[in-house]
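In: this one's structure only:
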């Protein structure tokens, strides 16, 4: 199967495929086509580049500025980003914070939320980032 035929089949089944840098991204693509996508990656990148006119091999570079202060954990986080957050039993419901005995977020700048919600923005002195 050629790369053009593979693209046509992905579109026929309602899937999407695009490039991000030198990587292929796809969505709603049948699992049977994934090995073919891997096999024809170079040809697909070239074909998608030709269709969009965007060079998929361009990489951006960022230079470090000495004036920039080193960054640590995000200043504002949500409970759902912390490894100490235990989700509740309902979707988007109240969870518990494993950093405290009460299950509520640690004292300090809690924001407007006194409970541990997954998307509650807060400044948390006990924030523990997600483990990688």
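Out: Now that the structure is in, tell me what you want to look at. It should be emphasised that the depicted structure is a prediction, and the values quoted were computed from it without experimental measurement. Numbering: from 1, shown residues only.
In: need phi/psi at the residue nearest the centre of the chain.
Out: The residue lying closest to the centre of the chain (C-alpha atoms, centre = their mean) is residue 81, at 12.0 Å. Per-residue torsions, residue 81: phi -80, psi -20 (degrees, to the nearest 10).
In: next one: residue 26
Out: phi -150, psi 160.
In: quick one: neighbours of it, just the number.
Out: Residue 26 sits with 14 neighbouring residues when counted by other C-beta atoms under 10 Å. Where you see a C-beta, it was placed from the backbone N, CA and C, and this is true even at glycine.
In: identify the residues contacting it.
Out: 10, 15-18, 37 (C-beta atoms under 8 Å, 6 or more residues apart in numbering).
In: so where do the strands sit in the protein?
Out: Along the chain, the stretches classed as strands by DSSP state E are 16-20, 23-27, 77-78, 85-86, 96-97, 121-122.
In: could you dump those into TSV with mean pLDDT added?
Out: Shown next, in TSV, are the strands of the chain (pLDDT from 0 to 100):
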stretch	mean pLDDT
strand 16-20	85
strand 23-27	85
strand 77-78	78
strand 85-86	84
strand 96-97	85
strand 121-122	80
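In: could those strands be laid out in JSON lines, adding distance to residue 4?
Out: As requested, the strands of the chain are exported to JSON lines (distance: least, C-beta to C-beta, whole Å):
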{"stretch": "strand 16-20", "distance to residue 4": "12"}
{"stretch": "strand 23-27", "distance to residue 4": "15"}
{"stretch": "strand 77-78", "distance to residue 4": "44"}
{"stretch": "strand 85-86", "distance to residue 4": "47"}
{"stretch": "strand 96-97", "distance to residue 4": "53"}
{"stretch": "strand 121-122", "distance to residue 4": "46"}
